[in-house]
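Participant: Sequence plus predicted model, see below.
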Amino acid sequence: MSEDSVAIVVPDPHYTLFDTSRRDLPAAVVVNDSLLAFEHTDIFAWHLEVTLHAVDLADKGMPTPDESRLLFEIGDEIEKALVGYNALFLARSTWNGLRQLFFRVYDPDVADKALQEMLVQKQVRGWEFRMEHDPQWQQAGPFFQLFPSASGHDA
């Protein structure tokens with residue numbers, strides 16, 4: 001390894017599920033809590049949010065079981081196209097007819113190209129994405145604050 005290279009150890013993902021609410025509607029949030037102690041946040045300075053639109057909804061805007069399975073399939077394909085050396089899975093939120101996937105990205109051009117290629121294909125559910133430079137990981141803050149130790153409240 002040269003003097004200019006850095007070895008980055010990406011932690012194995014570990015997920016925590018939170019059943020919560022937003023604007024008086026139920027929300028299910030899954031967070032990759034292994035990123036709480038991730039040391040190389042500066043390398044993954046871009047925040048990516050992918051929003052899928054659910055069609056078949058049950059009570060209070062949550063997807064039906066069949067719709068949820070379909071959203072998982074779509075989400076898995078998106079994740080497969082992104083995660084690896086270029087992106088880290090941060091969180092997934094299901095709320096009010098939306099499934100949102102959140103990632104931390106190293107190279108935004110690579111992520112943008114992969115997602116644009118997927119969008120030109122026929123989609124069974126509508127989705128879009130937005131990415132912004134977020135070197136301080138401020139966009140990840142709301143997910144990390146779900147953990148009592150991160151928000152200053154001991155359970």
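Facilitator: Sure, I can see it.

Participant: How about the contacts made by the residue nearest to residue 123 when sequence neighbours are not counted?
Facilitator: Once flanking residues are discounted, residue 123 sits nearest to residue 74: 7.8 Å by Cβ to Cβ, 6 or more residues apart in numbering. All C-beta spots, glycine's among them, are computed from the backbone N, C-alpha and C. Applying Cβ atoms under 8 Å, 6 or more residues apart in numbering to residue 74 gives the contacts 52, 123-125, 127.

Participant: Local confidence estimate at the residue positioned nearest the centre of the chain?
Facilitator: The centroid of the chain falls nearest to residue 102 when counting by Cα atoms, centre = their mean (1.9 Å). Residue 102 carries a pLDDT value of 98.

Participant: how close does it sit to residue 78?
Facilitator: 11 Å (Cβ to Cβ, to the nearest Å).

Participant: same thing with residue 98?
Facilitator: Relative to residue 78, and taking Cβ to Cβ, residue 98 is found at 14 Å.

Participant: Give me the more crowded residue out of these two.
Facilitator: residue 78 (20 against 16; other Cβ atoms under 10 Å).

Participant: Which pLDDT does the model give the more buried one?
Facilitator: 96.

Participant: Ramachandran angles for it?
Facilitator: phi -60, psi -50 (degrees, to the nearest 10).

Participant: What strand or helix carries the residue lying closest to it once chain neighbours are set aside?
Facilitator: Of all residues not flanking residue 78 in the chain, residue 50 sits nearest, at 5.7 Å (Cβ to Cβ, 6+ apart). Using DSSP states H and E, residue 50 sits in strand 46-53.

Participant: Repeat that for residue 104.
Facilitator: Element membership of residue 104, judged by DSSP H and E, is strand 98-105.

Participant: What pairs with that strand, parallel or antiparallel?
Facilitator: Looking at strand 98-105 with DSSP bridges, its partner strands are strand 46-53 (antiparallel), strand 87-95 (antiparallel).

Participant: Can you point out the buried residues in the shortest one?
Facilitator: Right, strand 46-53. Buried positions in strand 46-53, judged by neighbour count with 16 or more other Cβ atoms under 10 Å: 46-50, 52.
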